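*Asks:* Just the structure for this:
(2 chains)
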There are 2 protein chains.
Amino acid sequence: MTTAQKSLAHPPKALAFDIFGTIVDWHSGIAAEAAAMAAKHGIRGDWNAFATAWRNGYYPAMDRVRRGELPWTLIDGLHRMILDDIADAHGFGKLDEADRAHLNHAWHRLMPWPDTVPGLLRLKRTYTISTLSNGNFSLLTDMAKHAGLPWDCIISAELFGHYKPDREAYHGCARLLGIAPGELMLVACHPSDLRGARSHGLRTAYVKRPKEEGPNGSLPAFTEGEFDLVADDFAQLAGLLHA
Amino acid sequence: MTTAQKSLAHPPKALAFDIFGTIVDWHSGIAAEAAAMAAKHGIRGDWNAFATAWRNGYYPAMDRVRRGELPWTLIDGLHRMILDDIADAHGFGKLDEADRAHLNHAWHRLMPWPDTVPGLLRLKRTYTISTLSNGNFSLLTDMAKHAGLPWDCIISAELFGHYKPDREAYHGCARLLGIAPGELMLVACHPSDLRGARSHGLRTAYVKRPKEEGPNGSLPAFTEGEFDLVADDFAQLAGLLHA
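*Replies:* Numbers count the residues shown, from 1 in each chain, chains lettered A, B, ... in the order given. Here you go, the predicted model:
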């Protein structure tokens, strides 16, 4: 309770949420869309493994952009590059352009965890709630419309030309909201993202998402006291934030 | 009906809305906040004239930014410069910093026309609906929260470092939404804004707001056929767009 009380003595003015894993269940969503695409073509495969493989390409691809090895590329483009790389190995080698474009858009159609929307609606009464995702702006806007996510605004790394954990993404989010970095709290299920936010002056809330990686996943390691708040789900987070 | 039918044959994919005047009633809102501030200090004055004077400084200030005579400055900053310029003439010369900051934030607290929210809720079922305003991002986000505006996303000239009617603002809005300029329709009550949008390839819908300028206002002139759609209010607009 120590960290919670410390945080509540100076509540943040706004909350920024990581999206993939924190808000939506990418593993189930991608596996289900891949299975549907495969069924249409009579392809057999392991769609949990496919979802994991697609996501495994995500951080290395962004890091290539962050290091300057690739020019600025939206997540839609990076997802497509990874899909094209792994298609053969998962039986999708013969998918045509229309099918690949449809499957790539599955990331726009991901659905929230059961506690996500009720928690956001509670938090929205007290705080400004925004996305802060490496997903591109149209992906986040489409997802919000499809999944009924009640954001006050959409903020994407695309607006800054820098992916998290670059400083520009965290500080850019606070600047657009008209507040100081220390008045903004990042909510995420990835310690690496939270560590980036903390190192650039943001408040941090870690939410556990044990099913993020699918049936074979495990929770990432972190140190007690490393983040301002730790919650099992969005209902508990809303309680800790007095929303 | 000719222009409406032409438009409906190829409906836009998204609608971007001008804000001041089109969505919210700035004249009444600013006059009322000024009157409340004046009452607190026992100041007498003509608050309709004050609202008009404040707004009259708006386009010249943005044009100074657009011509490069001022560095990029958010609308909050331009509004404050204009307020400081006109304060003496309207009896507000002795307002302290806190009162000036509060009054400047009145633009974040403006309220919608009666038909705005019902119309947006109808349009949102069929279209992605965004702001496209010269107001800064936090102003638009605060306003949406305060006034209950159901945007899918907030897009501001701030994101492009260019005020409308610069091309960058119109094309930047379409790019963030992941669509072509010709798939985006600007909805506005100002022919000058619509002409800018049209010249850069956007579709256009003119909505009449006869009370925008307050009790002494009049409707701006435009040519029949100049815009894709012309509507008396948001209910008629939603009908023309089959929403």
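*Asks:* Spell out the secondary structure type for the residue lying closest to A:Asn216 once chain neighbours are set aside.
*Replies:* Spatial nearest neighbour of A:Asn216, chain neighbours left out: A:Asn48 (7.5 Å); criterion: C-beta to C-beta, 6 or more residues apart in numbering or on different chains. In short, each C-beta sits where N, CA and C put it, glycine included. A:Asn48 carries the three-state label helix when classified by DSSP: H, G, I helix; E, B strand; the rest coil.
*Asks:* got the contact list for A:Asn48?
*Replies:* By C-beta atoms under 8 Å, 6 or more residues apart in numbering or on different chains, the contact list for A:Asn48 reads A:His27, A:Ala31, A:Gly214, A:Pro215, A:Asn216.
*Asks:* quick one, phi psi at the last one?
*Replies:* What that stands for is A:Asn216. Backbone torsions of A:Asn216, given as degrees, to the nearest 10, read phi -110, psi 10.
*Asks:* Distance check, it against A:Cys189.
*Replies:* Relative to A:Cys189, A:Asn216 is positioned 17 Å away (C-beta to C-beta, to the nearest Å).
*Asks:* Give me the more crowded residue out of the two.
*Replies:* Using other C-beta atoms under 10 Å in any protein chain shown as the criterion, A:Asn216 and A:Cys189 rank with A:Cys189 on top: 20 against 9.
*Asks:* Please tell me how far that one sits from chain B.
*Replies:* Plainly put, A:Cys189 is 23 Å away from chain B if you go by C-beta to the nearest C-beta, to the nearest Å.
*Asks:* so that residue sits right up against A:Thr204, yeah?
*Replies:* No: applying C-beta atoms under 8 Å, one finds A:Cys189 not in contact with A:Thr204, separated by 11.7 Å.
*Asks:* I'd say A:Glu183 and A:Ala16 touch.
*Replies:* No: with contact defined as C-beta under 8 Å, A:Glu183 does not reach A:Ala16; the gap is 11.0 Å.
*Asks:* Between those two, which has more neighbouring residues?
*Replies:* Under the criterion of other C-beta under 10 Å, the comparison of A:Glu183 against A:Ala16 puts A:Ala16 first, with 26 against 17.
*Asks:* and that one, what are its bridge partners?
*Replies:* Using DSSP bridges, the bridge partners assigned to A:Ala16 are A:Ser130, A:Leu186.
*Asks:* contacting residues for it?
*Replies:* The contact partners of A:Ala16, by C-beta under 8 Å, 6+ apart, come to A:Ser130, A:Thr131, A:Leu132, A:Ile155, A:Cys173, A:Leu184, A:Met185, A:Leu186, A:Val187, A:Leu202.
*Asks:* cool, A:Pro12 as well?
*Replies:* Contacts of A:Pro12 (C-beta under 8 Å, 6+ apart): A:Tyr127, A:Glu183, A:Leu184, A:Met185, A:Arg203.
*Asks:* Quickly find the element holding it.
*Replies:* Counting by DSSP states H and E, no helix or strand carries A:Pro12.
*Asks:* list the contacts for the closest residue to it other than its chain neighbours?
*Replies:* Excluding the flanking residues, the one nearest A:Pro12 by C-beta to C-beta, 6+ apart is A:Met185, at 3.9 Å. A:Met185 sits next to A:Pro12, A:Ala14, A:Leu15, A:Ala16, A:Leu202, A:Arg203, A:Thr204, A:Ala205, A:Asp228, A:Leu229 when contact means C-beta under 8 Å, 6+ apart.
*Asks:* near chain B, which residues of chain A show up?
*Replies:* Applying C-beta under 8 Å from any C-beta of the partner chain, we find that chain A lies next to chain B at A:76, A:128, A:130, A:136-142, A:144-145, A:151-154, A:158-159, A:176-179.
*Asks:* For the top helix by length along chain A, which helices and strands make contact with it?
*Replies:* Taking DSSP state H as the criterion, chain A has its longest helix at helix A:26-41. Helix A:26-41 is packed against helix A:47-56, helix A:97-104, with contacts defined by 3 or more C-beta pairs under 8 Å, 6 or more residues apart in numbering or on different chains; DSSP states H and E.
*Asks:* so where do the helices sit in chain A?
*Replies:* Remark: helices assigned in chain A by DSSP H are A:2-9, A:26-41, A:47-56, A:58-66, A:75-86, A:97-104, A:116-126, A:137-147, A:167-176, A:191-199, A:234-240.
*Asks:* quick one: which of those is nearest B:Ala38?
*Replies:* Among those, helix A:116-126 comes nearest to B:Ala38, with 31.8 Å by C-beta to C-beta.
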